[in-house]
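Participant: Turn this into a structure:
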Amino acid sequence: MTTKKTLRSLGAVIAGIVVAATTFCTTALADSYPSRPIQIIVPFTPGGGSDTVTRIVANQLAQRLGQSVLVENRGGAGGNIGMEAGARAAPDGYTLTVLTQNIAVNPHLYKKLGYKPLTDFKPIALINRFYQIVLVNPSVPVHSMSELIALAKSKPGTLTGGNGGVGGTAQMDIDLLCAMAGIDIVQVPYRGEAPVTVDLLGGQLNMTISSFVGIDQFIKQGKLRPLAVTSPKRAVQFPDVPTVAETVPGYEMDGWYAIAAPAGTPDAIVKRLETEIVAIVKDPGVNKLLTDRGFDPVGEGADALAKTIKADYEKYGKLIKERDIKIN
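Facilitator: Model (predicted):
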């Protein structure tokens, strides 16, 4: 006669078998991955910060995994085109996507997206943070933030500021500056940061707030004039350049780059990638490589990335609402 005690014992045995089988399959999946090349989608055009960082990490990841890691740029629509492609990819670990703070900005700007920003991705790792630098073309008669603000107030709506795309870091940085300093700068969106730099050098733009990538050469040559950095303290890369906060108290803005997989990607694969990417960023050689190019290496895992996305979602949602920022 079967008793309740016997049934409970039988249930415990079955549960143990299921756990053991699941653990075995998970381990086997992680051990066999990857068996073919991996693609990383960068949702912005080549030449910008996200592209630079991704290629550094991709090269190292290929060596560690023993498979090719290919970078594909799919720019446009504030990163939405590339992120939609990444969200819709098969959740098998062979298509990853670079996320930036745009993932937290875009839900507040676009009425309709082809993906769900907060649920269609599985966080893997936070690679780095970065701060920006306020630049003007030398033809603009200002040499400090206070002079820029004074000029903008004397000629409201006449200064032009380029940004690398709607909802991107530069747009948010300039909008916050306008809000806190009480000025009006006409923003001109581009498809990526590189063309902004080209037009700023050519005098078609008055100013921008740019990443540090590749900017030092133009500053040294006198082709661009730095006014301030957006970090809370002076940047290691530009120790002689003051912070915006020294003129506009409380101002601070940063951006970040991260890697994510489509929702539904097996935990074992995500964990493997998280471990490898964090180790890559923590490597002294890679760390220096990123720092030398103007980035602040972080190298934190999925939990840190998830918290960052949530915090920025709230921060940018508030800024966009207060500034009544809309897509024209």
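
Participant: wait, what's in contact with the closest residue to Leu148 other than its chain neighbours?
Facilitator: Setting aside the residues directly before and after it, Leu148 is nearest to Val142 in space (Cβ to Cβ, 6 or more residues apart in numbering), at 4.6 Å. Where you see a C-beta, it was placed from the backbone N, CA and C, and this is true even at glycine. Residues in contact with Val142 (Cβ atoms under 8 Å, 6 or more residues apart in numbering) are Val136, Leu148, Ala150, Leu151, Arg225, Leu227.

Participant: Pretty sure Val142 sits in a strand.
Facilitator: No: counting by DSSP: H, G, I helix; E, B strand; the rest coil, one finds Val142 to be coil, located in no strand.

Participant: and it, backbone torsions?
Facilitator: Backbone torsions for Val142, taken as degrees, to the nearest 10, come to phi -140, psi 150.

Participant: Next, the buried residues of stretch 254-264.
Facilitator: Residues of stretch 254-264 classed as buried: Asp254, Gly255, Trp256, Tyr257, Ala258, Ile259, Ala260, Ala261, Pro262 (neighbour count, 16 or more other Cβ atoms under 10 Å).

Participant: The last one is in contact with Ala87, isn't it?
Facilitator: Going back to what we said before, that points to Pro262. Yes: contact criterion Cβ atoms under 8 Å: Pro262 and Ala87 qualify, at 6.0 Å.

Participant: which neighbours do the two share?
Facilitator: The contact sets of Pro262 and Ala87 overlap at Thr97, Asp120, Phe121 (Cβ under 8 Å, 6+ apart).

Participant: which intervals of the stretch 101-250 of the chain have sub-threshold pLDDT?
Facilitator: Counting by pLDDT under 70, the stretch 101-250 of the chain has no low-confidence residues at all.

Participant: Pull out the buried residues from the shared contacts of Pro262 and Ala87.
Facilitator: Among the shared contacts of Pro262 and Ala87, those scoring as buried are Thr97, Asp120, Phe121 (criterion: 16+ other Cβ under 10 Å).

Participant: Looking at these, which one is closest to Ile40?
Facilitator: Comparing these against Ile40 with Cβ to Cβ places Thr97 closest, at 7.2 Å.

Participant: Pull up the pairing partners for the helix or strand hosting the closest one, direction included.
Facilitator: Secondary structure from DSSP states H and E places Thr97 in strand 95-100. If you go by DSSP bridges, strand 95-100 pairs up with strand 38-42 (parallel), strand 255-262 (antiparallel).

Participant: which is the next helix or strand following the longest one?
Facilitator: Where DSSP H and E defines the elements, the next helix or strand beyond strand 255-262 is helix 267-282.

Participant: residues making contact with the helix or strand hosting Pro297?
Facilitator: Element membership for Pro297, per DSSP H and E: strand 296-300. Residues outside strand 296-300 that contact it (Cβ under 8 Å, 6+ apart) are 125-131, 256, 277-282, 286-287, 290-291, 304.

Participant: Now list the buried members of the residues you listed.
Facilitator: 125-131, 256, 277-278, 280-281, 286-287, 290, 304.

Participant: Please report how far Ile56 lies from Asn128.
Facilitator: Ile56 is 10 Å from Asn128, where distance means Cβ to Cβ, to the nearest Å.

Participant: before we move on, what about Met145?
Facilitator: Met145 is 25 Å from Asn128, where distance means Cβ to Cβ.

Participant: All the helices of the stretch 101-250 of the chain, residue numbers only.
Facilitator: Listed in chain order, the helices of the stretch 101-250 of the chain (DSSP state H, counting those that start in this stretch) span 102-109, 145-154, 169-181, 193-202, 216-220.
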